[in-house]
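# Quick one, fold the following:
(2 chains)
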2 protein chains.
Amino acid sequence: MKRVVIIGSGNVAEALAKAIGASRYELVQIYARNRERGQAIARAVRCACADDPKRIAEADIYLMAVSDRAVPKLSESFDFGDAVVAHTAGSVALGELAPRIRNKGVFYPLQTFTAGRSLELSDVPLFIEGNNDFTVDALAGLAGALSTRVRIADSRQRMRLHLAAVFACNFANHMFAVGQQLLQEYGLPADLIKPLIRETVAKALDSPSAAAVQTGPARRNDYRTRHKHIEMLHNHPELQNLYKNISLNIWETSKKI
Amino acid sequence: MKRVVIIGSGNVAEALAKAIGASRYELVQIYARNRERGQAIARAVRCACADDPKRIAEADIYLMAVSDRAVPKLSESFDFGDAVVAHTAGSVALGELAPRIRNKGVFYPLQTFTAGRSLELSDVPLFIEGNNDFTVDALAGLAGALSTRVRIADSRQRMRLHLAAVFACNFANHMFAVGQQLLQEYGLPADLIKPLIRETVAKALDSPSAAAVQTGPARRNDYRTRHKHIEMLHNHPELQNLYKNISLNIWETSKKI
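Presented below is the predicted three-dimensional model:
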């Protein structure tokens, strides 16, 4: 049984620890500089925990689920020997792992992770990269034990996926947040808008493309409503700006369909 | 049993026709200038259909589910007598209905409607307005037969709801569309991103506010990734612009939390 150590204690580390803990792989340790969070995850998945670099466990695969910036330096801190070492970041190139690591790779889940949420990894696309076949095989094996959607992607492709994900996830969520923020400013409950959000997404997921089901004043090029809305945002110049730019982009895109 | 006529044959007309057809109200007719679409809806809900202004049926309530711009002129075309006449538009004021209509109102569902989708109206917030108590009572009665979430809102409040809805629905959907557009440009299947969209929304709906579960490079103020992404969009100046503005707005909002 192959042994895995997870380095990190953030949301990705937590989700991977839970999934690996429930798989046929052996999760031997959570290594985390943040002792408290590392221990919390280790307790939840019943594995060991360490915060002392000298105590990092032996393993076949080390997954570094740490912040983008921490990857290069942290990967230099250990002698991983012949083990496979992979980071999980969308926008960090394979080459940013320490030069002396022999078997280096990437293990990128195209998903958003939130502390405390339980998440089924089985339909989450996992993108694998490695500097040699041994590494690719090892990571593909682990990925295949967690998800039915495993793909090979080089660093360039992965950055493209991450960019698309920023729009579809981070920016879409911000649009929900702005809608709720406006309702709160107007003294209305933010929950009012939840059925609308639910249906917006259900129809986008049910159709081949979200563009095909776009609705609203911008799609109709309804100049009058757009003008009224921009006036209503006079206290929020930054939201006025977003409103104008997104509306224009919707209209430009719609015309091309 | 109160009689309802729906004027219009768009997505809102279709959804309301289905819901009223299944309620304790009597849907007597679809009146639509677009004969083909009017007949298709009428067939689906088994009611009469007309496209000749002289043939509009007698009713207690007329719901005008037509485009914003068509409301004023179309409402002048008929003598509605003592019937209640309400439009369904978010950003059209009550006063835009023809002056000679005695009992005028608004019947605004805070939802996005798509042709052909069946949609449960029962948890959709319905916002009612009327120029007198008789109208408000009549519309609240009809709304209460369709949804458990009926509220009174004046034209100003309704425009605010509509503005919030444009962000949370139309603009969020556009972010999904941009993510999928980028994947397609890169030769990757747009479906890859669907589990991400599903989880993004599930976590926004499960938490009190979408702002509280915001993730991504902008939330972390990860300048390096932002810079890379903006460079990758060099062929799309309009998307570069969106990326910069939305990222800045996420960061500014996050700092305030």
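
# what does stretch A:163-172 rub up against?
By CB atoms under 8 Å, 6 or more residues apart in numbering or on different chains, the list of residues contacting stretch A:163-172 from outside reads A:90, A:110, A:112, B:172-173, B:175-176, B:178-180, B:182-183, B:186, B:188, B:193, B:196-197, B:200-201, B:214-219, B:229, B:232-233, B:242-243, B:246, B:250. Placement of C-beta: from N, CA and C, glycine included.

# Just the buried ones from those?
A:90, A:110, A:112, B:172-173, B:175-176, B:178-180, B:182-183, B:188, B:193, B:196-197, B:200-201, B:214-219, B:229, B:232-233, B:242-243, B:246, B:250 (16 or more other CB atoms under 10 Å in any protein chain shown).

# Could you tell me which of the residues you listed are located in strands?
Nothing among the buried ones among the contacts of stretch A:163-172 maps onto strands, per DSSP state E.

# Could you check the pLDDT of A:Lys256?
If you check A:Lys256, the pLDDT there is 55.

# I misspoke; the intended subject was A:Phe113.
The per-residue pLDDT reported for A:Phe113 equals 89.

# How about A:Arg33?
So A:Arg33 comes in at 94 (pLDDT).

# Run a quick neighbour tally on it.
Look at A:Arg33: counted by other CB atoms under 10 Å in any protein chain shown, it has 15 neighbours.

# helix/strand/coil for it?
Under DSSP: H, G, I helix; E, B strand; the rest coil, the three-state class of A:Arg33 is coil.

# How much space separates it from A:Phe113?
Per CB to CB, to the nearest Å, A:Arg33 is found 19 Å from A:Phe113.

# before we move on, what about A:Phe78?
24 Å.

# Contact partners for the residue of chain A positioned farthest from its centre?
Distance from the centre of chain A peaks at A:Arg224, with 38.4 Å (CA atoms, centre = their mean). Neighbouring residues of A:Arg224 by CB under 8 Å, 6+ apart: B:Asp68, B:Arg69, B:Ser91.

# Could you find the closest non-adjacent residue to the last one?
Think B:Ser91. Nearest non-adjacent residue to B:Ser91, counting by CB to CB, 6 or more residues apart in numbering or on different chains: A:Thr225, 4.5 Å away.

# and the one you found, how many neighbours does it have?
23.

# Surely it and B:Val71 touch.
No. Applying CB atoms under 8 Å, one finds A:Thr225 not in contact with B:Val71, separated by 12.0 Å.

# Which of the contacts of stretch A:163-172 fall in helices?
Judged by DSSP state H, these include B:172-173, B:175-176, B:178-180, B:182-183, B:196-197, B:200-201, B:229, B:232, B:242-243, B:246, B:250 as members of helices.

# Which residue is the nearest non-sequential neighbour of A:Val172?
For the record, residue A:172 is Ala, not Val. Spatially, and ignoring its direct neighbours in sequence, A:Ala172 is nearest to B:Met175 (3.9 Å; CB to CB, 6+ apart).

# mean confidence for stretch A:11-24?
Rounded mean pLDDT across stretch A:11-24 is 95.

# buried residues in it?
Buried residues in stretch A:11-24 (16+ other CB under 10 Å): A:Asn11, A:Val12, A:Ala13, A:Glu14, A:Ala15, A:Leu16, A:Ala17, A:Lys18, A:Ala19, A:Ile20, A:Gly21.

# Pick out the residue of the stretch 1-150 of chain A closest to chain B.
A:Ser91 (4.5 Å; CB to the nearest CB).

# give the contact list for that residue.
A:Asp68, A:Arg158, A:Met159, A:His162, B:Pro217, B:Arg224, B:Thr225, B:Lys228, B:His229.

# Any regions of chain A where pLDDT drops low?
A:256-257 (pLDDT under 70).

# Which residue ranges of it form helices?
Under DSSP H, chain A gives helices at A:11-21, A:35-45, A:70-76, A:133-146, A:155-165, A:172-185, A:194-206, A:223-232, A:237-256.

# Let me know which of those helices is tucked in deepest.
Among the helices of chain A, ranked by average contacts under mean count of other CB atoms under 10 Å in any protein chain shown, first place goes to helix A:172-185 (a mean of 25).
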